[in-house]
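For reference, the sequence and a predicted model appear below.
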Amino acid sequence: MTIFLLCVFAYMVGSIPFGLLLTRAAGLGDIRAIGSGNIGATNVLRTGNKGLAVATLLLDAIKGTLVVLFVRYYGHGGVFLAALAVFLGHLYPLWLGFKGGKGVATGLGVFYGVCWPLGVVSCAVWLATAFTIRRSSAAALAAFAVAPFAAWYFQSWKTALLALIIAALVFWKHRDNIARLRAGTEPKIGQTAG
């Protein structure tokens, strides 16, 4: 029962749509009506407000990290389940009709909480790909493709399994981006989608 309640708590925290809340508070309207319609940092950047985009990125990542650390300290087990729950909360938030973000920042935050070297490697791959290709989606796909192998190397097969599940969900949420990357129509970072 304790693990169940911790997972519910993790899901609820993961469901907080920081991108939507911040853009509304800044008077920019509903972020879901802008660009790709996503609530994440990349779409917030399309409003032209870099500060809000950075804040969204950090808050989405921090919620993943803090939940994992909280459950590790107080939960007496269930860390991986709570890690998955906070991630699923971001992807499918109750408050937004289960239509949330693509999970990149929150997933990376979870990685830092579970195994910080995994977080470092994944972020490094994201940054290197983003600076080279200038496409956020390609950077995300590269980072999460590497994550299960890094998790296996740095920690255990259980961490690798968690990273694999999260990576699979990130790839699923990026299926439209993958199609645009193949077609050569994926916008660069900061450009309008589609």
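Structure received. It should be emphasised that the depicted structure is a prediction, and the values quoted were computed from it without experimental measurement. Numbers count the residues shown, from 1 in each chain.

List the contacts of residue 64.
The neighbours of residue 64, taking C-beta atoms under 8 Å, 6 or more residues apart in numbering as the test, are 14, 83, 86-87, 90, 105-113. Placement of C-beta: from N, CA and C, glycine included.

For it, grab phi and psi.
Dihedral pair for residue 64: phi -70, psi -50, per degrees, to the nearest 10.

what separates it from residue 27, distance-wise?
28 Å (C-beta to C-beta, to the nearest Å).

burial measure for residue 160, as a count.
20 (other C-beta atoms under 10 Å).

Test my guess that residue 164 contacts residue 148.
Yes. Between residue 164 and residue 148 a contact is recorded at 4.3 Å, counting by C-beta atoms under 8 Å.

So the two - more neighbours on which side?
Using other C-beta under 10 Å as the criterion, residue 164 and residue 148 rank with residue 148 on top: 21 against 17.

quick one: that one and residue 158 touch, right?
No. Counting by C-beta under 8 Å, residue 148 stays clear of residue 158, with 11.4 Å between them.

Run through the residues that contact residue 143.
Contacts of residue 143 by C-beta under 8 Å, 6+ apart are 104, 108, 122, 123, 125, 126, 129.

wait, which of those residues is closest to residue 6?
residue 108 (21.2 Å; C-beta to C-beta).

Whichever helix or strand residue 178 is part of: which residues count as buried?
Using DSSP states H and E, the element containing residue 178 is helix 175-183. Using 16 or more other C-beta atoms under 10 Å as the test for burial, helix 175-183 gives 177, 180, 181.

And for it, what's in contact with it?
Residues contacting helix 175-183 (C-beta under 8 Å, 6+ apart): 135, 137, 138, 141, 171, 186, 187, 194.

count of neighbours near the first one?
When neighbours are defined as other C-beta under 10 Å, residue 135 has 21 of them.

hang on, the earlier thing: filter the contacts of helix 175-183 to the buried ones?
135, 137, 138, 141, 171, 186, 187.

Tell me the pLDDT of the last one.
The model reports residue 187 with a pLDDT of 81.
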